[in-house]
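Chemist: I need the structure of the sequence given here:
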Amino acid sequence: MKNPLKIHASTLLLIGLCVLLALLTACGGTSAPAPSGILDSTVQAVTLDQIKQAINDLYTSHPDINSFVVQSVTYNPQTRDKVLKICSEGGLVDTPQELEAQKVMACAPLIFFFNYYGQQKSVPESVDVARQLYWYALADKSDDSKKVLTDLLRSWGIQ
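Modeler: From the prediction side, this is the model:
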């Protein structure tokens, strides 16, 4: 028998992510500056540790990212790390398919944020972080998840 709290928590988390994704899609898909080929680049292997290091380096060298707002969303180190944890580990879900979908959907807003910041502020390191996070999000995922993530990011103006 399923644990009602487990289902309830995962359902709320997925609903929350969907609402965030819907807001980002509705608010800013076409307002992003011209992206620099994140989605069409050759996918490379990248580890979570490499991504965390690149993100930490970015926040250290560009402290204004702590207060940068995109579609009413700011990623300070605490909120960024919470989302990155779901992107890398997922949460309380019942099936491997739900876990994969949850991870992919959690990565999408971070990819958008880092790409947008990099484009707006002319910070190529941030675009590189977005690219690496995209590669990480695709690693060991089904073709369906890859397509969903890529199509979603394209709808937000990322190329």
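Chemist: which residues touch Asp57?
Modeler: Glu125 (C-beta atoms under 8 Å, 6 or more residues apart in numbering). C-beta here means a position set from N, CA and C on the backbone, and glycine is covered the same way.
Chemist: what about it, helix or strand, and which?
Modeler: Using DSSP states H and E, the element containing Asp57 is helix 48-61.
Chemist: Tell me the helix or strand right after that helix.
Modeler: Counting by DSSP H and E, the element after helix 48-61 in chain order, helix or strand, is helix 77-89.
Chemist: hang on, the earlier thing: okay, the angle between the helix holding Asp57 and helix 77-89?
Modeler: Here helix 48-61 runs at an angle of 160 degrees relative to helix 77-89 (axes from the mean of the first three to the mean of the last three C-alpha atoms, to 10 degrees).
Chemist: and helix 48-61, which residues are buried?
Modeler: Neighbour counts over helix 48-61 (16 or more other C-beta atoms under 10 Å) mark Ile51, Ala54, Ile55, Leu58, Tyr59 as buried.
Chemist: shaky segments in the protein?
Modeler: Scanning the chain for pLDDT under 70 picks out 1-36.
Chemist: go with 90
Modeler: By pLDDT under 90, the low-scoring segments of the chain are 1-37, 40-43, 91-94, 159.
Chemist: can you map out the helices along it?
Modeler: 4-28, 48-61, 77-89, 96-120, 124-138, 143-155 (DSSP state H).
Chemist: And the ones you listed: which comes nearest Val69?
Modeler: helix 96-120 (9.7 Å; C-beta to C-beta).
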